[in-house]
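S.K.: test case, fold it:
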Amino acid sequence: MRLRPYKPCDAPVILSWVKDEDTFRKWVTDRYPHYPITAEEMNEKYFRFNGDCAEPDNFYPMTAFDERGLVGHLILRFTDGEKTVLRFGFVIVDDARRGTGCGREMLRLAMQYASGILKVRKITIGVLENNPGAYRCYRAVGFRDADIEPSVFCLMGQDVRCLELEWEAPC
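M.R.: Down below sits the predicted model:
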């Protein structure tokens with residue numbers, strides 16, 4: 001598996017992995033006001049609106065692929081002015097390949113890129129409490145529960161807590 005920058009032609013494939021609104025909300029929480037979204041809406045958010053980031057150089061959408069095609073997707077964005085803390089988000093794996101280790105491999109590649117190339121000290125990630133598979137995946141690659149009060153999202157008429165995790169880069 002390898003990582004590369006996201007391309008607009010990735011959007012239809014990534015969106016095909018989202019079969020229902022529950023999966024969609026676990027993926028993007030409240031970042032899109034409606035379900036489903038189109039490839040054009042995804043690309044507009046990423047390219048026209050810089051992933052809703054005010055700073056011009058802190059949003060990096062990435063796509064994982066292997067010899068069979070696209071495997072997964074995530075975004076990386078800096079959360080501090082010194083660019084030492086990175087947040088992973090919009091993490092998703094091809095629904096046909098979930099549970100096979102692809103998510104862990106994609107995250108490890110992104111963590112290596114973040115620490116080795118971007119030289120970050122810490123990576124944070126949020127996971128909805130109703131997404132135990134993602135939580136286990138993040139823990140399996142080294143994320144630990146952060147000492148941060150969970151935020152609460154109202155998704156599909158229900159309040160859902162978002163648990164915060166973090167990973168510290170080795171010295």
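S.K.: figure out the helix or strand that residue 41 lives in.
M.R.: Secondary structure assignment for residue 41, by DSSP states H and E: helix 39-43.
S.K.: check the offset of that helix from the chain's centre.
M.R.: Centre-to-centre, helix 39-43 and its host chain are 16 Å apart (Cα atoms, centre = their mean, to the nearest Å).
S.K.: which SSE is immediately downstream of it?
M.R.: Next along from helix 39-43, by DSSP H and E: strand 59-66.
S.K.: quick one: residues in contact with that next one.
M.R.: Residues from elsewhere that reach strand 59-66 (Cβ atoms under 8 Å, 6 or more residues apart in numbering): 1-7, 10, 14, 46, 50-51, 53, 70-77, 90, 102, 105-106, 109-110, 113. Where C-beta positions appear, they are placed from N, C-alpha and C, glycine not excepted.
S.K.: so which of the residues you listed are in strands?
M.R.: When DSSP state E defines the strands, the subset of these inside them is 2-5, 70-77, 90.
S.K.: same for the least confident helix or strand in the chain by mean pLDDT, what does it pack against?
M.R.: Of all helical and strand segments in the chain, the minimum by mean pLDDT, DSSP states H and E falls on strand 151-155, at a mean of 94. Under the contact criterion of 3 or more Cβ pairs under 8 Å, 6 or more residues apart in numbering; DSSP states H and E, strand 151-155 touches strand 122-128, strand 158-168.
S.K.: give me the residues contacting that strand.
M.R.: Under Cβ under 8 Å, 6+ apart, the answer for strand 151-155 is 25, 29, 30, 126, 128, 159, 160, 161, 162, 164.
S.K.: the third one and residue 55, how far apart?
M.R.: The one in question is residue 30. 21 Å (Cβ to Cβ, to the nearest Å).
S.K.: how about low-confidence regions in this structure?
M.R.: For the chain, applying pLDDT under 70 flags no range at all.
S.K.: give me the longest helix you can find in it.
M.R.: For the chain, the helix that runs over the most residues, judged by DSSP state H, is helix 102-116.
S.K.: please identify the most buried of the helices and strands packed on strand 151-155.
M.R.: Highest mean neighbour count of those: strand 122-128, a mean of 21 (counted as mean count of other Cβ atoms under 10 Å).
S.K.: helix or strand right after that one?
M.R.: Defined by DSSP H and E, the subsequent element after strand 122-128 is helix 132-140.
S.K.: tell me what that following helix is packed against?
M.R.: Packed next to helix 132-140, using 3+ Cβ pairs under 8 Å, 6+ apart, are helix 102-116, strand 122-128, strand 158-168.
S.K.: if we go to 6 Å?
M.R.: Judged by 3 or more Cβ pairs under 6 Å, 6 or more residues apart in numbering; DSSP states H and E, helix 132-140 is in contact with helix 102-116, strand 122-128.
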